[in-house]
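Participant: how does the following fold in three dimensions:
(one chain, ligands or ions: 1)
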Amino acid sequence: MRTIEWNDIENCIEMIDQTKIPLKLEKKFCKTIDSLIDAIKSLKIRGAPALGAVGGLGIALSAFQYGGEDREEMLGAIISDAKRIKDVRPTAVNLSWGVNRVLDKVLKNRRFATTLSGESIEDIRRFALEEAKRICEEDVKINKTIGENGAKLLNDGDTILTHCNAGRLACVDWGTALGVVRSAVEMGKDIKVFACETRPLNQGGRITTWELMEDGIDVTLIADSSSGIVMRNKMVDKVIVGADRIVKDGVFNKIGTYTHSVLAKENKIPFYVAAPYSTFDIERTGGEIIIEEREADELRKFGESYIAPKNVKVFNPAFDFTPMKNITSIITEKGVLDPGEI
Ligand code: MRU
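Facilitator: This next block holds a predicted model:
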């Protein structure tokens, strides 16, 4: 089952609602840009490669949503929707990458954004949808290749620690970090996983554990703060995480990744990042990137109950930065890169 795809009957975006997992496997149908923006903001759809697909499909949805006959007006609507979509989550570069890739097909020149390509409104819709679907197809193939490249680094009997969810639900299918695990298991290797719960939104506890158990892969849930004990006690052979943006001097990924990287270095455990080239932004350095800060109540509340004083001050960054010096290799669809090569 795909995490996200275009629904050709309703001309809308269909996605697995990740906020319902592990209790329910339920689809969400986004028929308007407002509902798409809400789905991205509330993490119904999340994970860098899945956000790349959502960005591309979002531009197709914008083209299909435009109900008039005026090309100038349609251009304005697409440009405004593109900006709204990109602004929802600023750290994961794949979201704006997906939006821009489809914009490049529907605009004569994205930089100046003055003219639509295509003779008719139907042409523009077709160009947008074809490119967005291409992003989705490519994502699956790329993840399989990342998986094959990374699986060679794993030994039969290895235990892997991972953080957040870099699995099939973070992508269109297969996964990046978990794609490496899946490919190794497919090759016949016995691989076990420790999944960090990933406070405050528990993507590891809710999604990674569910995905791996569905596939019959051995997984043990740990609190984020237990990664030190499992690494020090040699219960982990390798750490593999995904990435939201790879810049010249390091990698942005889910908050807590940096802490695991320091512990891995201290305990001489290889620390791998698995990500497609669409996550690379090597013109920039870490200091230039905006780290998304999320609502205070994500930390103050658990479900409907307060687990901290209602008015306590909160710092809730969604991502952190791991410097290249803490990374052993970056596993991509084009091979395994030494951080020095970036
Ligand atoms: O806030 P999220 O759940 O979108 O954060 C996701 C992550 O940090 C993942 O580790 C990352 O996107 C890699 S996905 C293959």
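Participant: quick one: whatever residue of the chain ends up closest to the ligand and Glu148, what's the gap?
Facilitator: Across the chain, the shortest distance to the ligand (Cβ to the nearest ligand atom) belongs to Gly242, at 2.5 Å. The way it works is simple: take the backbone N, C-alpha and C, and place the C-beta from them, glycine included. When distance is defined by Cβ to Cβ, to the nearest Å, Gly242 is 17 Å away from Glu148.
Participant: what about the residue of the chain closest to the ligand, how many residues nearby?
Facilitator: Neighbourhood size, Gly242 [other Cβ atoms under 10 Å]: 31.
Participant: tell me the pLDDT at it?
Facilitator: For Gly242, the model assigns a pLDDT of 98.
Participant: what's the lengthiest helix in the chain packed up against?
Facilitator: For the chain, the helix reaching the highest residue count under DSSP state H is reported as helix 121-151. Identification of packing neighbours for helix 121-151 by 3 or more Cβ pairs under 8 Å, 6 or more residues apart in numbering; DSSP states H and E yields strand 4-7, helix 48-65, helix 71-88, helix 93-106, helix 177-186, strand 271-274, strand 329-332, strand 335-337.
Participant: tabulate those (a markdown table), appending mean pLDDT, mean neighbour count and distance to the ligand.
Facilitator: As requested, the helices and strands packed on helix 121-151 are exported to a markdown table (pLDDT from 0 to 100; neighbours: other Cβ atoms under 10 Å; distance: least, Cβ to the nearest ligand atom, whole Å):
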| stretch | mean pLDDT | mean neighbour count | distance to the ligand |
| --- | --- | --- | --- |
| strand 4-7 | 98 | 20 | 13 |
| helix 48-65 | 98 | 29 | 4 |
| helix 71-88 | 95 | 17 | 11 |
| helix 93-106 | 96 | 23 | 8 |
| helix 177-186 | 98 | 26 | 6 |
| strand 271-274 | 98 | 26 | 8 |
| strand 329-332 | 98 | 23 | 11 |
| strand 335-337 | 98 | 15 | 17 |
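Participant: to Asp320, which of these lies closest?
Facilitator: Closest to Asp320 of those, according to Cβ to Cβ: strand 271-274, at 13.1 Å.
Participant: quickly run through the sheet partners of the closest one, with directions.
Facilitator: With DSSP bridges as the test, strand 271-274 is paired with strand 238-241 (parallel), strand 329-332 (parallel).
Participant: residues in contact with that strand: which ones?
Facilitator: 146, 150, 153, 166, 176-177, 179-180, 238-243, 246, 251, 253, 260-261, 264-265, 322, 326-332 (Cβ atoms under 8 Å, 6 or more residues apart in numbering).
Participant: now the longest helix of the chain against helix 93-106, angle please.
Facilitator: When axes from the mean of the first three to the mean of the last three Cα atoms, to 10 degrees is applied, the directions of helix 121-151 and helix 93-106 differ by 140 degrees.
Participant: following the chain past helix 121-151, name the next helix or strand.
Facilitator: Following the chain from helix 121-151 toward its C-terminal end, the next helix or strand by DSSP states H and E is strand 159-162.
Participant: starting at the chain centroid, how far to that next one?
Facilitator: Between the centre of strand 159-162 and the centre of its chain there are 19 Å (Cα atoms, centre = their mean, to the nearest Å).
Participant: for that strand, give the mean pLDDT please.
Facilitator: 98.
Participant: what packs against it?
Facilitator: Based on contacts counted as 3+ Cβ pairs under 8 Å, 6+ apart, the elements that strand 159-162 packs against are helix 177-186, strand 192-196, helix 227-232, strand 238-241.
Participant: name the surrounding residues that touch that strand.
Facilitator: Here strand 159-162 has contacts from 154, 177-178, 181, 191-196, 204, 208, 227, 230-231, 235-241, 260, using Cβ under 8 Å, 6+ apart.
Participant: which residues of the stretch 201-342 of the chain fall in strands?
Facilitator: 218-222, 238-241, 245-247, 250-254, 271-274, 301-302, 305-306, 319-323, 329-332, 335-337 (DSSP state E, counting those that start in this stretch).
Participant: out of these, deepest packed?
Facilitator: Here the criterion is mean neighbour count by mean count of other Cβ atoms under 10 Å, and of these the winner is strand 250-254, at a mean of 28.
Participant: the residue of the chain closest to the ligand: what's it in contact with?
Facilitator: Residues in contact with Gly242 (Cβ under 8 Å, 6+ apart) are Gly47, Ala48, Cys164, Ala166, Ala170, Gly175, Thr176, Ala177, Asn253, Val273, Ala274, Ala275.
Participant: how deep is the residue nearest to it when sequence neighbours are not counted tucked in, by neighbour count?
Facilitator: Setting aside the residues directly before and after it, Gly242 is nearest to Ala166 in space (Cβ to Cβ, 6 or more residues apart in numbering), at 2.8 Å. For Ala166, the tally of surrounding residues (other Cβ under 10 Å) stands at 34.
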